[in-house]
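J.: below: sequence and its predicted model.
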Amino acid sequence: MSSYKVGYFVGSLSSTSINRLLAKALVRLAPPELELTEVPIRDLPLYSQDYDADFPPIACSFKKVITDSDAILFVTPEFNRSIPGGLKNAIDWASRPWGNNSFALKPAAVIGTSPGAIGTAVAQQSLRGVLCFCNAPLMNTVEAYIQFKPGLITEDGQVTDPFTEQFLSNYMKEFHAFIVRVLTVLPRSS
């Protein structure tokens with residue numbers, strides 16, 4: 001049984017993020033073949049091309065976590081019908097300097113939660129456009145736009161609604177299958 005290292009981004013910087021709760025639930029529900037590790041984005045400075053010749057140590061460490069991952073999972077809220085600025089900043093750091101894109105050919109999936117009825121559908125579409133440019137193969141089905149209601153996910157990542165729990169468990173199984181398919185066709189170089 002092969003295991004895969006999955007780095008995950010939580011797009012919200014909030015200490016009370018419902019997307020962080022969703023990420024905890026996904027870690028709990030992931031198949032045993034997936035080792036999930038958060039890729040922290042909070043402390044990255046704002047990206048500027050001025051850094052391209054000499055990345056700061058925090059950005060080098062950040063890129064290494066992504067490079068060492070077999071796949072990436074994005075768990076994002078929706079801010080003003082798009083992705084949060086902190087997440088976009090992290091993607092800019094990871095994909096630069098030109099020719100040193102940490103997302104290239106790395107399987108990726110997108111999910112998010114919001115109190116709104118359409119979850120984070122518009123933000124996810126925006127994020128998919130960015131990730132396509134970054135040449136990250138994207139899991140296009142199962143799509144997951146989770147409407148968050150108070151108590152849906154506990155502080156330790158337990159999902160209280162059986163239907164949502166089954167859906168999220170299936171989502172992670174599908175992500176695992178997608179990672180296997182992509183890495184079979186595009187094996188990681190040693």
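T.: Okay, I see it.
J.: run through the bridge partners of the residue positioned nearest the centre of the chain.
T.: Centroid-nearest residue in the chain, with C-alpha atoms, centre = their mean: Phe74, separated by 1.6 Å. The bridge-partner assignment for Phe74, based on DSSP bridges, gives Phe9, Val110.
J.: low pLDDT regions in the chain?
T.: 1, 190 (pLDDT under 70).
J.: go again using 90 as the cut-off
T.: Along the chain, the parts satisfying pLDDT under 90 run over 1, 117, 119, 141-142, 187-190.
J.: how about the helices in this protein?
T.: For the chain, applying DSSP state H gives helices covering 18-29, 57-68, 85-94, 121-133, 162-185.
J.: let me have those helices in JSON lines, extended by mean neighbour count and distance to Thr154.
T.: Glycine gets a C-beta too; all of them are placed from N, C-alpha and C. Below are these laid out as JSON lines (neighbours: other C-beta atoms under 10 Å; distance: least, C-beta to C-beta, whole Å):
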{"stretch": "helix 18-29", "mean neighbour count": "23", "distance to Thr154": "8"}
{"stretch": "helix 57-68", "mean neighbour count": "15", "distance to Thr154": "27"}
{"stretch": "helix 85-94", "mean neighbour count": "20", "distance to Thr154": "24"}
{"stretch": "helix 121-133", "mean neighbour count": "18", "distance to Thr154": "24"}
{"stretch": "helix 162-185", "mean neighbour count": "16", "distance to Thr154": "11"}
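J.: now render the ones you listed as CSV, adding distance to Ser2.
T.: As requested, these are exported to CSV (distance: least, C-beta to C-beta, whole Å):
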stretch, distance to Ser2
helix 18-29, 19
helix 57-68, 16
helix 85-94, 24
helix 121-133, 24
helix 162-185, 8
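J.: in stretch 99-108, what counts as buried?
T.: Within stretch 99-108, the residues scored as buried using 16 or more other C-beta atoms under 10 Å are Asn101, Ser102, Phe103, Leu105, Lys106, Pro107, Ala108.
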